[in-house]
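Asks: Structure of the sequence below:
(chains A and B)
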Amino acid sequence: MALPWAAHAETLPCDPWPGEPSPLPRVTDADPVLARWAGLRADELAALAIPLEAVAASDAHRLWRHVACLDPGSAAARDGVERTAVARVHQPPVRLEARRRSEDERSGDLRAALEALREPILVPPAAAAARVARRDAAPARTAPAEDARGPAPRRDAAPDFRAVDTALGQADALLREARYEEALARVEQARSQLPRGEGAAARRARLESVAATAQFALGRDAEARRSFGAALEADPQFRLDSQRTSPKVMRAFDAARSAQGPPEGGSATAEAPR
Amino acid sequence: MSGAWRGRSLALLLALAACATPAPGPESELEVEVLGGLPRVPAWEPAAPARIELVLDARAGLSQRRVGRTDAAQAVVAGARQLLDVLPPDVPVTLHALGAGGGEDCDAASAVSDPLAGSPADVAAALAEARPAARASLPDALTRLADLLARGGRASRARVVVVTDLADDCGGDLCAASQALVDAGASLELLVVGDAETPICVAAAAAPAGPPAPLASAPILSAPRFRVIPLARRPSGVTVPRSGVAGQGPVSAPAGLARIEVDLVPPLVIPEVALAPDARQRLRIVDFPSASPPVREWRLEPATGGAGAPAAASPGP
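Replies: Numbers count the residues shown, from 1 in each chain, chains lettered A, B, ... in the order given. Coordinates of the predicted model:
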């Protein structure tokens, strides 16, 4: 798993900073003095980056990226770069569902709190009903009637999954070629193209499974587990092929299945079209 | 005096002079290379905490757009509230409500409400007060926020969280706006409600190259002065130190034992090294004064092809 990251690290801009030797040495340098310097410099910058993550993520990101230049095989640098990404996009599902709030949900850590942006957005049904009632009361509103399960999918046309299926095939191929970041990008794109209708849940599950596999390969284990959870949420019957799946990934999938639990009775849940 | 006598006298004088002034000994060349770390741990002003700049999409028309079984306005508020409910209570939050500034449609200057700053709980309570009033450009608003943060010198502490359905009301370049925020030093979290396609370039926005500002102001000391002081006194009794600057070429010094002083902080003094005759040697110093514990190592090696064993070295790591 270090190989894909190392390949990615090769693409990082690795110009030396002021005062550093040029070209920038690496810990693998054949010159033992330069290699020694690179190791010490990587340690020095990593020690600065860790406390900075909570207060100046962008600065921490630049430090981690430079550590990755000095030590491309460093798992700490890889994780640091990913933890402190300067731009992230979240597009979770939106559900009509009451939130179950514990007494104190607040995180003690800003970075952990921001991970909540990946969680499904829950809109309380009462608030939605009030909004619908207000809208229905408005004289100019001539919206078509909706059944209790939300806007009905169009029945005059079957959902078109061709774009999603193509993307899934491409993402699978990218996974086989160990191009994990690109596979994730294809999944992200396909998620946004997934229409509603019969067959959507199974495809959604496959997309999340591909994402999980890529995330595991990139060492983003927590994200991978969430993706498996999303796969099972979309399609509780979804299963991995144990013959083609690594034991580590299988274990994570089985753990996600165990954590999934039985569906809740009576809770109104519906997923936004993706 | 005949010519023969003059010649013999001159030869005698030259011989006497040669006896009085010993012939110069063999020379050596020495160059110094310093591979340094930070001279001190840079100050990052720990008193200034990270802060959230929450850009809430409250544009006119949001409530008419569907997101699943609800509308985009509710989804946006719910998404923002979910974040505010889990933020640490001491993280300051500033709310910028896009489309609630009270201006005309697509007027960039008045697109965003006056910023409301407070605790996460304060801002959560104020979410419902964001009244949609006008259509507005999200990219323009983000570009203006990037400029505001950069001018205020607080960008590197800012986590900009945008909650939106990404509807394109008034045009603008979302990719450029995202990059502007990142260039200013902020980081961006874009929370999209609904199924709008997000340009891939948003997540691909790259942090500026080069060191962060506090590091740039504490540069590595890589070119200190150094002196080579021969230890074997010449017959004249005069010892002339030779001096140079690290990284700027060799200096000549008499071969033999010498003391070397390098103006690091604290100074490096190597009491005795042997400078090889008619050879160029390189003193390579690795110096990390702010490491814990500080690291300072050196080795003297041939200036060319120095891969072999050094002529002398500090105790190994």
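
Asks: secondary structure element for the residue nearest the centre of chain A?
Replies: Residue closest to the mean C-alpha point of chain A, counted by Cα atoms, centre = their mean, is A:Glu223 at 5.4 Å. Using DSSP states H and E, A:Glu223 maps to helix A:221-234.

Asks: Mind listing what's buried along that helix?
Replies: A:Glu223, A:Ala224, A:Arg225, A:Arg226, A:Ser227, A:Phe228, A:Gly229, A:Ala230, A:Ala231, A:Leu232, A:Glu233, A:Ala234 (16 or more other Cβ atoms under 10 Å in any protein chain shown). C-betas here are computed from N, CA, C, even on glycine.

Asks: That one - contacts with which helices or strands?
Replies: helix A:200-217, helix A:247-260 (3 or more Cβ pairs under 8 Å, 6 or more residues apart in numbering or on different chains; DSSP states H and E).

Asks: Tell me which of those helices is the most buried.
Replies: helix A:200-217 (a mean of 23; mean count of other Cβ atoms under 10 Å in any protein chain shown).

Asks: by how many degrees do it and helix A:221-234 diverge?
Replies: Orientation check (axes from the mean of the first three to the mean of the last three Cα atoms, to 10 degrees): helix A:200-217 against helix A:221-234 gives 170 degrees.

Asks: Outline the domain layout of chain B.
Replies: B:25-41+B:219-313, B:51-210 (automatic domain parsing).

Asks: got CSV for those domains, with distance to chain A, mean neighbour count and mean pLDDT too?
Replies: Shown next, in CSV, are the domains of chain B (distance: least, Cβ to the nearest Cβ, whole Å; neighbours: other Cβ atoms under 10 Å in any protein chain shown; pLDDT from 0 to 100):
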stretch, distance to chain A, mean neighbour count, mean pLDDT
domain B:25-41+B:219-313, 3, 17, 87
domain B:51-210, 3, 21, 90
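
Asks: hang on, the earlier thing: and the residue nearest to the centre of chain A, how far is that from B:Ala203?
Replies: The gap separating A:Glu223 from B:Ala203 is 14 Å, by Cβ to Cβ, to the nearest Å.

Asks: Out of the helices and strands in chain A, which is least certain?
Replies: The weakest-scoring helix or strand in chain A, judged by mean pLDDT, DSSP states H and E, is helix A:2-10 (a mean of 50).

Asks: And the strands in the stretch 1-150 of chain A, which stretches?
Replies: Here the stretch 1-150 of chain A has its strands, by DSSP state E, counting those that start in this stretch, at A:87-90, A:94-96, A:121-123.

Asks: how about those strands, which one is nearest B:Ile270?
Replies: Taking Cβ to Cβ, strand A:87-90 is the member of these nearest to B:Ile270, at 49.4 Å.

Asks: and the closest one, what other elements does it pack with?
Replies: Partner elements for strand A:87-90 (3+ Cβ pairs under 8 Å, 6+ apart): helix B:174-184, strand B:187-192, helix B:200-203.

Asks: Serialize these to a markdown table and add fields for distance to A:Leu70.
Replies: Below are the helices and strands packed on strand A:87-90 laid out as a markdown table (distance: least, Cβ to Cβ, whole Å):
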| stretch | distance to A:Leu70 |
| --- | --- |
| helix B:174-184 | 23 |
| strand B:187-192 | 23 |
| helix B:200-203 | 25 |
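
Asks: In contact with the residue lying closest to B:Arg225 once chain neighbours are set aside, which residues?
Replies: Excluding its sequence neighbours, the residue lying closest to B:Arg225 (Cβ to Cβ, 6 or more residues apart in numbering or on different chains) is B:Asp263, at 4.7 Å. Applying Cβ atoms under 8 Å, 6 or more residues apart in numbering or on different chains, we find B:Asp263 in contact with B:Pro224, B:Arg225, B:Phe226.

Asks: As JSON lines, those residues with secondary structure would be great.
Replies: Listed next are these as JSON lines, based on DSSP: H, G, I helix; E, B strand; the rest coil:
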{"residue": "B:Pro224", "secondary structure": "coil"}
{"residue": "B:Arg225", "secondary structure": "strand"}
{"residue": "B:Phe226", "secondary structure": "strand"}
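
Asks: nearest to A:Glu181, of the strands of the stretch 1-150 of chain A?
Replies: Minimum separation from A:Glu181 across the strands of the stretch 1-150 of chain A (Cβ to Cβ) falls at strand A:87-90, 13.5 Å.

Asks: ok, residues contacting that closest one?
Replies: Residues outside strand A:87-90 that contact it (Cβ under 8 Å, 6+ apart): A:117-118, A:188, B:178, B:181-182, B:187-192, B:198, B:202-205.

Asks: show me where the chain has helices.
Replies: The chain I'm using is chain A. Under the criterion DSSP state H, chain A contains helices at A:2-10, A:32-52, A:57-70, A:75-83, A:110-114, A:125-137, A:162-176, A:180-192, A:200-217, A:221-234, A:247-260.

Asks: wrong one, chain B
Replies: Per DSSP H, chain B carries helices over the ranges B:3-20, B:72-86, B:120-126, B:138-152, B:174-184, B:200-203, B:213-216.

Asks: Buried ones in the last one, by neighbour count?
Replies: What it means is helix B:213-216. B:Pro214, B:Leu215.

Asks: Let me see the residues that make contact with it.
Replies: A:Trp17, A:Pro18, A:Leu48, A:Asp59, A:Leu63, B:Leu38, B:Pro42, B:Ala43, B:Trp44, B:Ser156, B:Gly210.

Asks: Please pick the buried ones from those residues.
Replies: A:Trp17, A:Leu48, A:Asp59, A:Leu63, B:Leu38, B:Pro42, B:Trp44, B:Ser156.

Asks: of the residues you listed, the lowest pLDDT goes to which?
Replies: Looking at pLDDT alone, the buried ones among the contacts of helix B:213-216 dip lowest at B:Trp44, where the score is 66.

Asks: contacting residues for the nearest residue to A:Leu63 once chain neighbours are set aside?
Replies: Distance criterion Cβ to Cβ, 6+ apart; nearest residue to A:Leu63, sequence neighbours excluded, is A:Ala49 at 3.9 Å. When contacts are counted by Cβ under 8 Å, 6+ apart, A:Ala49 touches A:Ala60, A:Leu63, A:Trp64, A:Val67, A:Gly80, A:Thr84.

Asks: Do I have it right that B:Arg154 meets B:Arg51?
Replies: Yes: under the criterion of Cβ atoms under 8 Å, B:Arg154 makes contact with B:Arg51 at 7.2 Å.

Asks: Distance of the closest residue to B:Asp183 other than its chain neighbours relative to B:Val91?
Replies: Computed as Cβ to Cβ, 6+ apart, the closest residue to B:Asp183 that is not its neighbour in sequence is B:Pro208, at 5.9 Å. Distance check for B:Pro208 against B:Val91: by Cβ to Cβ, it reads 25 Å.

Asks: got the contact list for B:Ala176?
Replies: B:Pro139, B:Thr143.

Asks: now with 7 Å?
Replies: Applying Cβ atoms under 7 Å, 6 or more residues apart in numbering or on different chains to B:Ala176 gives the contacts B:Pro139.

Asks: Pull up the gap between it and B:Ala205, please.
Replies: 10 Å.

Asks: for B:Arg225, same thing?
Replies: Separation of B:Arg225 from B:Ala205 (Cβ to Cβ): 44 Å.

Asks: What of B:Gly249?
Replies: Applying Cβ to Cβ to B:Gly249 and B:Ala205 gives a distance of 43 Å.

Asks: again, but for B:Gly185
Replies: Relative to B:Ala205, B:Gly185 is positioned 12 Å away (Cβ to Cβ).

Asks: again with B:Pro224
Replies: From B:Pro224 across to B:Ala205, the span is 39 Å (Cβ to Cβ).

Asks: List the beta-bridge partners for B:Phe226.
Replies: Beta-bridge pairing of B:Phe226 under DSSP bridges involves B:Gly244, B:Val262.

Asks: which residues does it contact?
Replies: B:Val32, B:Ser243, B:Gly244, B:Ala246, B:Ile260, B:Glu261, B:Val262, B:Asp263.

Asks: Closest to B:Ala141 out of those residues?
Replies: Closest approach between the contacts of B:Phe226 and B:Ala141, by Cβ to Cβ: B:Ala246, at 50.8 Å.
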